[in-house]
Structure formats: structure tokens, C-alpha cells
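K.L.:
pasting a predicted model and its sequence here:
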Amino acid sequence: MDIDRLWKNTQEELKVVMAPAVFQTFVAKTQLVVLRDNHATIACPNAYLAETNLKRYYSLFKNALDNQTKENNTLEFIVQEIIKETPVSNNTPLLEYSAPKSNQNNGLHPKYTLENLVVGNSNNFAFAAAQAIIANPGLAYNPFFIWGGVGVGKTHLMQAIGHELLKKNPQLKVKYFPAETFGNELISALKSKNINPFKEKYRNLDCILVDDIQFIAGKEYIQEEFFHTFNALHMSGKQVVLTSDRKPSDIDRLEDRLVSRFMGGLTVDIQLPDYEMRLAIINQKIEEKHLKITPQAASYLAEHLTSNIRDIEGKLQELAIGAMSQQKETIDNIVFDNSSSPKKDLSPRHIISICAKHFNIRTGDLCGNSRKKELVTARHITAYLLLNETNLPLKEVGYLLGGKDHTSIMHARDKINIELSTNPQIQQVINQIKSSL
């Protein structure tokens, strides 16, 4: 059995015993590059994955590889960039990695690659669809429409498709652009009476990656021109990838014929990241910024930064600047110092009032004893926010919510923590309430 087939079989075995999000993030991007004298060298895209696989998933990797080889193996996890420095025999496949170079003509950003994309429950399906498109552009899913809220990774995934297509075939004409740019260039072409070069520019491409397509809604002539551009590309078997903050049928003043075209391929949504994905993102960004953080501090941040990926990156940047200004080796002290005291001007009664208003119920009912499902859910979320936003003790939160004992409040907190990892709707509700506090 060759080394590639051996590793593919090992990955298939790991796929059975690991959660899909964990497999996609930590296993799918690895490769066995050397197996000599029962010592396996496994390549990972970055140092975070290599370290996590060594510390957390070593035994799972080992058991799966041992089962395939019928031998007792030792494992070593390394980063792809250093593989080319590893001496290997002529018969051993060599995996080389080089970051894509920026190209102003295609509009792709060099950091938005598949290697840098963290995959979890929120984007797992979209990631799988993207892989199918990369394998068969223009055939697998065309158009591919990605929608979701701000900062959930739509642009990253879209541009990663472009990078991978160019990696497979550098001759492809791939272009990323915001929908607003398309509209502005069209207006400029009309003013200068150069409409034909404009049409040729976009209709002769092999793949277009159009961000924020909702911005053409209500603009009659821009929609008209985009419709014809879309048709020209689609009829020629060229790949079209679009993003929006909502699904096509929910975009106001978007022409029906465009809605129909956009929904003619595959439409997927990306939700806010769950806890595990947030933790992976935090560790990846910490590594990129060359910061030091303990697992406890990383876990704390993942539990409390429940917003979108962009906000998480912003908070980490803020912590990095704070660590630099205070000349601290790690950001742990800043993380825990900032969390140790309750927020100013944020009283428990205010939180209860905002929660009641959000759920359109009376504060008396929220703090009462009714077991109606909608009231229980609202009460659990309120308890969770009181604990996390004010650092009140369990007993005090129980008192504020109608004299509940501390075990009931613990149950509410734990239940919402679990929901945050599995239920995007709960994530959105909590973020909406937080924005109103």
C-alpha cells in the first residue's frame, strides 16, 4: 500500500471516531509524508494544528495508523512549510507548501486561503461544497450562493475557492470583486461610453467571486447588466460564487429573475462559530500575532467572545496592544484582569429589564415561577447574562430571578453554554441582547 492510500485509510478511520467539525479542522488538512522504521511524520498546515494534534489527538492518530499498518508506531507532527527541509528518500512523496502571492488583477487577498480557514459546525457544509467546486468548477454547484451575518467568514471561504482554483490551474481567469465595484465600474463605463470593454472584462472570466450581492438590489440598470453577465458566464459553464447577508428570496427589491438564477445552484448559510470553532480561531490568531496565552485564558475567551469572527479578531488585537503597552509576556493577566470586575453602569436590574423587553414579557413573569417553555428559556438566558456580564454569585442571581436556588442557576448557565455550541439561534439572541445592554 502506498503512503497516500495508507493515510487516506487512516483518515477514514479517524472520521468515524471524531466529530465532523473536529475532523475537518484537525485531520482533513494533514498528510503523512514519511513513514520509516515505524516512525510517522505527519504534516499540518500550521503550528497550532501540529501542537493540538500532538497534545490532544495523539492517541487517536496513533490507534488509527497502528490499525492500518499492524505495527506499533510513534508519531511526529510538523508544519508543512518546513517539510522541504526534511531529508527523505527518493521514494518518499514530498509535500511542499507555498502561500499564494497577492495578485491585484484577481482581487484575492493572500491570507484568505483554505489553509487559514478554521472549519467547524457553522461552516462545515459550506466548506464541503467549496471543495466540490474546487474539484469540478462550473459543474458541481453553479452558482454557489453563501449567505450569513457580518464577520462569519463568507469572504474568506469565497476567496479560498479562488486561490485553490488558481493553484490547480494558474491560467484560469479568476476575479473577486464586491458587487458595489461592479456597479461603480458600470456607471463609469456608461459615462465614458466604453460599455463594450466593460462587458468583455467580466464576461470573458472563468470564475467570478462576487461579494455582498445585496447591494445591487433596487438598482435597475445594474441588475439588468449583472443578469446578462451572469447568464453569459453560466451558459458557458463558468463558475459563479456569490455572497450576501441574507438568502436570495429575502433580498428586498432584487428582481425575481435574479432570485431564480441565484437559487438555481446551491444556497448555504454560515452561522456564528460555536465554542470549539471560536477556540480554534483564537489559538490560530494568537499564533499569527506571536502572542503567548495559556489554555485556560484561551478557553475563557472562547466562552465569552460569542460574537462573529471579525469581533473576535478585533478583541485579540486589542489584547495584543495591551500586552505590548504593559510589557507583558502573555495576555493572560489582561484577559483575567478585565474580567474580574463587573462592568460599570451595567446593573443587574437593567439586564433583567432588557431581557424582558427582548422577549416581550413582563419582568414579573421573567422572575416568576411559570414553567412555560418560552419563559423558562428567557429565564435561562437572563441567568446566563447576569453571571457573565456582572460576575454576580449564583445565590445573588437566584435571588434576583425570584428566589431560585443556586443549583437552578448553575443548571441554567450550563444549559445555555451547551446551547451556544450547538444552536445558532441562541447565539444570535444573546448577541442581540448584549448589543442592547
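P.N.:
Received the coordinates, thanks. All values derive from a computational prediction rather than experimental measurement. Numbers count the residues shown, from 1 in each chain.

K.L.:
what number of residues lie near residue 414?
P.N.:
Other residues lying near residue 414 total 12 when counted by other Cβ atoms under 10 Å. Backbone N, C-alpha and C define where each C-beta goes, glycine included.

K.L.:
and the residue of the chain positioned farthest from its centre, its phi and psi?
P.N.:
Residue farthest from the centre of the chain, counting by Cα atoms, centre = their mean, is residue 193 at 42.1 Å. Main-chain dihedrals, residue 193, degrees, to the nearest 10: phi 60, psi 40.

K.L.:
so that it lines up with my notes, have the first residue be 15 from now on.
P.N.:
Happy to do that; since the first residue is 15 now, the last one works out to residue 207.

K.L.:
gap between it and residue 215?
P.N.:
For residue 207, the distance to residue 215 (Cβ to Cβ, to the nearest Å) stands at 15 Å.

K.L.:
kindly report the same for residue 264.
P.N.:
To residue 215, residue 264 is 30 Å away according to Cβ to Cβ.

K.L.:
also residue 192?
P.N.:
Separation of residue 192 from residue 215 (Cβ to Cβ) stands at 15 Å.

K.L.:
before we move on, what about residue 407?
P.N.:
Applying Cβ to Cβ, the value for residue 407 to residue 215 is 64 Å.

K.L.:
tell me the domain ranges of this structure?
P.N.:
17-99, 138-284, 289-353, 362-450 (automatic domain parsing).

K.L.:
which of those domains has the lowest average pLDDT?
P.N.:
Ranked on mean pLDDT, the bottom entry among the domains of the chain is domain 289-353, at a mean of 75.

K.L.:
how far off centre is that domain?
P.N.:
Mean-position distance between domain 289-353 and its chain equals 17 Å (Cα atoms, centre = their mean, to the nearest Å).

K.L.:
what do you get for stretch 37-48?
P.N.:
The mean C-alpha position of stretch 37-48 is separated from the chain mean by 18 Å, Cα atoms, centre = their mean.

K.L.:
that one spans what distance, first to last residue?
P.N.:
21 Å (Cα to Cα, to the nearest Å).

K.L.:
list of residues touching it?
P.N.:
Contacts with stretch 37-48, where a contact means Cβ atoms under 8 Å, 6 or more residues apart in numbering, come from 17-18, 20-21, 24-25, 28-29, 32, 54-59, 63, 66-67, 71, 75, 79, 91, 94, 97, 100, 102, 106-109, 128-129, 132-134, 138, 141, 291, 294.

K.L.:
what about burial for the residues you listed, which qualify?
P.N.:
Buried members of the contacts of stretch 37-48, counted by 16 or more other Cβ atoms under 10 Å: 17, 20-21, 24-25, 28, 32, 54-59, 63, 66-67, 71, 75, 79, 91, 94, 97, 109, 128-129, 132-134, 138, 141, 291, 294.

K.L.:
mind checking which of residue 192 and residue 215 has more residues around it?
P.N.:
The residue with more neighbours, out of residue 192 and residue 215, is residue 192; 17 against 13, by other Cβ under 10 Å.

K.L.:
for the more buried one, what are its contacts?
P.N.:
By Cβ under 8 Å, 6+ apart, the neighbours of residue 192 are 224-226, 229.

K.L.:
10 Å instead?
P.N.:
By Cβ atoms under 10 Å, 6 or more residues apart in numbering, the contact list for residue 192 reads 121, 169, 198, 223-227, 229, 257.

K.L.:
restricted to helices, list those.
P.N.:
Among the contacts of residue 192, the members falling in helices (DSSP state H) are 169, 198.

K.L.:
please pick the buried ones from the contacts of residue 192.
P.N.:
Buried among the contacts of residue 192 (16+ other Cβ under 10 Å): 121, 169, 223-227, 229, 257.

K.L.:
in CSV, list these along with distance to residue 364.
P.N.:
Putting the buried ones among the contacts of residue 192 into CSV (distance: Cβ to Cβ, whole Å) gives the following:
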residue, distance to residue 364
121, 45
169, 36
223, 44
224, 43
225, 38
226, 35
227, 39
229, 37
257, 37
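
K.L.:
tally of neighbours for residue 208?
P.N.:
By other Cβ under 10 Å, the residues close to residue 208 number 11.

K.L.:
wouldn't it be in contact with residue 201 here?
P.N.:
No: the pair residue 208 / residue 201 is not scored as a contact, 11.6 Å apart, by Cβ atoms under 10 Å.

K.L.:
rewinding a little: which ones among the buried ones among the contacts of residue 192 are found in strands?
P.N.:
Within those, residues falling in strands by DSSP state E are 223-225, 257.

K.L.:
quick revisit: dump the contacts of residue 192 to TSV, plus distance to residue 448.
P.N.:
Output for the contacts of residue 192, formatted as TSV (distance: Cβ to Cβ, whole Å):
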residue	distance to residue 448
121	34
169	24
198	35
223	32
224	32
225	27
226	25
227	29
229	27
257	25
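
K.L.:
between the contacts of residue 192, which sits nearest residue 247?
P.N.:
residue 224 (10.6 Å; Cβ to Cβ).

K.L.:
OK, contacts around that closest one?
P.N.:
Contacts of residue 224 by Cβ under 10 Å, 6+ apart are 157, 159, 172, 189-193, 195-196, 216, 230, 240, 243-244, 254-258.

K.L.:
now do it against residue 274, distance only.
P.N.:
Residue 224 sits 17 Å away from residue 274, going by Cβ to Cβ.

K.L.:
and what of residue 380?
P.N.:
44 Å.

K.L.:
try residue 153
P.N.:
According to Cβ to Cβ, residue 153 and residue 274 sit 20 Å apart.

K.L.:
ok, residue 318 next?
P.N.:
According to Cβ to Cβ, residue 318 stands 43 Å off from residue 274.

K.L.:
got it, and residue 183?
P.N.:
From residue 183 across to residue 274, the span is 30 Å (Cβ to Cβ).

K.L.:
ok, residue 43 next?
P.N.:
From residue 43 over to residue 274 the distance is 36 Å, taken as Cβ to Cβ.

K.L.:
alright, I will stop here.
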